[in-house]
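>>> Predicted coordinates and the sequence they were generated for:
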Amino acid sequence: MDDQREKQFEDWGAKQRKKDKVRERTKEWRTTIITELFAMLKARLTRFQWSTEGWPASQGRQRVDILGESKVPRYFVFIEIEADRVGCARNIVKAWMYIEQNTDSGPVLLVSIFSPFFASKNRSGKEEAFFVAAKAQKDTNQKLTYKYIENDEWPVNSAQYATVVSNMVAQIDDFITGYERLLS
């Protein structure tokens with residue numbers, strides 16, 4: 001019986017180490033993506049004022065990971081990095097609440113960027129986000145528009161990160177171009 005308990009404890013320890021490794025990888029991924037994406041957005045999409053400081057108006061503790069503000073036409077780009085939190089619909093609710101509480105605000109393009117954590121078995125959080133986003137878009141009469149970017153593989157070096165971030169910026173630019181057509 002002691003051998004069986006010892007084996008269970010070893011299995012539990014191995015699972016915990018694996019979870020810790022995934023958490024560390026997603027934390028590193030999130031931090032690197034925010035830093036690199038912010039720098040590249042500032043360099044490439046210069047018609048926006050980019051910030052990592054939060055909302056366009058003070059909203060207490062809630063904030064977005066990266067904020068872009070366009071003056072003409074006036075609207076906002078909220079970018080949320082979804083690293084490993086299963087409850088990613090919360091970020092959509094934050095944007096939805098922002099629109100409801102700031103009726104004089106410009107429209108919002110919300111972009112969720114999903115880490116590879118969501119590529120396989122952790123899809124439920126992403127699916128919930130899609131469901132809530134559809135409801136939010138309808139409820140706000142399209143004042144909130146939702147787009148997302150999926151990542152299937154973990155970058156392992158700076159060259160891969162640069163490629164991943166460059167591709168993200170291109171996708172965000174495409175989202176913005178389509179969004180601006182809708183606004184005009």
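Looks like it came in fine. Residues are numbered from 1 along each chain as shown.

>>> Please make it C-alpha for all contacts and neighbour counts, starting now.
Fine.

>>> and the lowest-mean-pLDDT helix or strand in the chain, what does it pack onto?
Ranked by mean pLDDT, DSSP states H and E, the weakest helix or strand in the chain is helix 2-44, scoring a mean of 80. Applying 3 or more Cα pairs under 8 Å, 6 or more residues apart in numbering; DSSP states H and E, we find helix 2-44 packed against strand 48-51, strand 75-82, helix 158-183.

>>> Tell me which of the ones you listed approaches L109 most closely.
Comparison of the helices and strands packed on helix 2-44 against L109 by Cα to Cα identifies strand 75-82 as nearest, at 4.8 Å.

>>> what about dumping the CA coordinates of that closest one to CSV?
Taking C-alpha atoms only, strand 75-82 is exported to CSV below (Å, rounded to 0.1, in the frame of the first residue of the first chain):
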residue,chain,number,x,y,z
TYR,A,75,-12.3,55.1,-32.0
PHE,A,76,-10.3,52.8,-29.8
VAL,A,77,-8.4,49.5,-30.3
PHE,A,78,-8.3,47.4,-27.1
ILE,A,79,-5.9,44.5,-27.3
GLU,A,80,-6.1,41.7,-24.7
ILE,A,81,-3.5,39.0,-24.4
GLU,A,82,-5.1,35.7,-23.3
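
>>> average pLDDT for the helix or strand following that strand?
Per DSSP states H and E, strand 75-82 leads on to helix 89-101 as the next helix or strand towards the C-terminus. Here helix 89-101 scores 90 as its mean pLDDT.

>>> Run through who's touching helix 89-101.
Contacts with helix 89-101, where a contact means Cα atoms under 8 Å, 6 or more residues apart in numbering, come from 59, 62, 64, 78, 80, 105, 107-108, 110, 125-126, 128-130, 132-133, 136, 140, 143-144.

>>> what's stretch 41-61 in contact with?
38, 62-71, 98, 169, 173.

>>> I'd like the distance from the least confident helix or strand of the chain to the chain centre, please.
Relative to its parent chain, helix 2-44 has a centroid offset of 17 Å by Cα atoms, centre = their mean, to the nearest Å.

>>> Kindly report the same for stretch 118-126.
14 Å.

>>> Now do the buried residues in that stretch.
Within stretch 118-126, the residues that count as buried by 16 or more other Cα atoms under 10 Å are F118, G125, K126.
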